[in-house]
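Q: here is my input; please provide its structure:
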Amino acid sequence: MRLFDQMKSAASEEGVSIEDLVLTVGSGNRGLTTLCERKEGEVLLSMPWNLVISSRSEDCPEVLRPLFDHIKKRPELRSIPGGYFLEILFRVLYELKHPSNDVIKHYLKFLHVNVQDFAHRWSAEAVRLCGPMSLLPMRVEDSKARIKKLQSVVEDLVLQFKEIFPKDSFDDDFIEMVHCFIMSRCHNTKFNEEKLSVLIPFADFCNHKPSPFPAANRFVTYEKEYLVIKATGDIQAGDEVTFSYGDFGNDILACNYGFTISNNPHDQVPLGFSKSVIDEYQFELLKQLNIADFLRRTENGGYIINLVFRGCDPFPAAGIMAARILMNDSEKLKEWWENDKHEFVKVQKIR
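A: Numbers count the residues shown, from 1 in each chain. Next comes the predicted model:
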């Protein structure tokens, strides 16, 4: 709490009033709460660009610009997993030693995250307990590979720009921690059609609330030299200010944000069907279900279709219909069509 108050005081000296936003702690989590009632569309926070940490070259300290230009001239760096975070990662590493202002100085004191909470650090037993239908094992391996590659790239760039970063400034564990911090707190957005990563002091204390729940109550816009956060709905005094990080299942939340939520409406279950031959009648029914585009040809000339179901989907009827269509011949399908046409119409209405 003391660090948060120091950050508010530093923002006030920069002409930014944060008096009606407070940091609250409960059940082991901290969050951002508003002391004043806010109506839909009202400004929650207005931050000048110089008080946020962005990946824009023109925003960064001048000493970093040769490094940023070098990264932009090497598109292969951006293509590596996590490569789109390179500029902001180096910005954070530099700001830790040479903060541009007191707001960023106090903000980065909140840098620490517990990497053990992220799924790539979970034990094999913990991953296994997620169940045979979970996508987590695949995502964990992707996360491990991404972090390992990123550590290697950062090490190479530090050697090339050793005048900026002295030798042994940070080790692989520290790079991993900073990467997890950025992954879990960074906003990815666009400014004048340029893709940006932005860390926003104060705003990144907002906790996740998945849609379709109504408490996802903020959005980010840009007005001249300010980054503005507005309420997307009415907020009562004393309410927590929350934000939907995205329609993510727990597998993605665990890998990228270091937490999971109970009864996540966006948890996914994959379902696949294969078929050696699909006739015209089957294909026409799949088209009417709007899932024919999911068909893929296999190496041996057959077909495969992969669908994903989530708890927030109205009803997994499309998967049931797809199974009927692919597992039966046309004669049986025509008979089924005559008897159960109303079920097919119901699916079309749901979709």
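
Q: now stretch 36-49: buried residues?
A: 38, 44-45, 47-49 (16 or more other Cβ atoms under 10 Å). C-beta: built from backbone N, CA, C; applies to glycine.

Q: do you know how far Ile305 is from Thr189?
A: Per Cβ to Cβ, to the nearest Å, Ile305 is found 34 Å from Thr189.

Q: could you dump the buried residues of stretch 36-49 into TSV with pLDDT and distance to Tyr107 added?
A: Shown next, in TSV, are those (pLDDT from 0 to 100; distance: Cβ to Cβ, whole Å):
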residue	pLDDT	distance to Tyr107
Arg38	87	23
Leu44	85	17
Leu45	86	13
Met47	87	11
Pro48	89	14
Trp49	87	15
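
Q: let me know the closest of those to Cys180.
A: Of all those, Met47 has the smallest distance to Cys180: 23.3 Å, by Cβ to Cβ.

Q: just give the closest residue to that closest one, not the sequence neighbours.
A: Leu227 (4.9 Å; Cβ to Cβ, 6 or more residues apart in numbering).

Q: is it true that the one you found touches Val198?
A: Yes: contact criterion Cβ atoms under 8 Å: Leu227 and Val198 qualify, at 7.0 Å.

Q: so which strand or helix has the residue nearest to Met47?
A: Assigned by DSSP states H and E, Leu227 belongs to strand 226-230.

Q: after that strand, next one along is what?
A: Per DSSP H and E, strand 226-230 leads on to strand 240-243 as the next helix or strand towards the C-terminus.

Q: buried ones in that following strand?
A: Judged by neighbour count (16+ other Cβ under 10 Å), strand 240-243 contains these buried residues: 240-243.

Q: so where do the strands sit in the protein?
A: 21-26, 29-34, 43-48, 53-54, 187-191, 194-199, 207-208, 219-223, 226-230, 240-243, 268-275, 295-297, 303-310 (DSSP state E).

Q: show me what Gly272 is bridged to.
A: Counting by DSSP bridges, Gly272 is bridged to Asn306.

Q: number of residues surrounding it?
A: By other Cβ atoms under 10 Å, 9 other residues sit near Gly272.

Q: in contact with it, which residues?
A: Each residue near Gly272 by Cβ atoms under 8 Å, 6 or more residues apart in numbering is listed here: 304-307.

Q: any idea how far it lies from Ile229?
A: From Gly272 to Ile229 the distance is 41 Å (Cβ to Cβ).

Q: Tyr257 now?
A: 19 Å.

Q: ok, now Lys109?
A: For Lys109 relative to Ile229 (Cβ to Cβ), the value is 22 Å.

Q: which residues are in contact with Ile175?
A: Per Cβ under 8 Å, 6+ apart, neighbours of Ile175: 89, 150-151, 154.

Q: just the buried members of those?
A: Among the contacts of Ile175, those classed as buried by 16+ other Cβ under 10 Å are 89, 150-151, 154.

Q: can you tell me the closest non-neighbouring residue to Phe205?
A: Closest residue to Phe205 apart from its sequence neighbours, by Cβ to Cβ, 6+ apart: Leu32 at 4.3 Å.

Q: partners of the one you found in the sheet?
A: Beta bridges link Leu32 to Leu23, Val241 when assigned by DSSP bridges.

Q: fine by me, thanks again.
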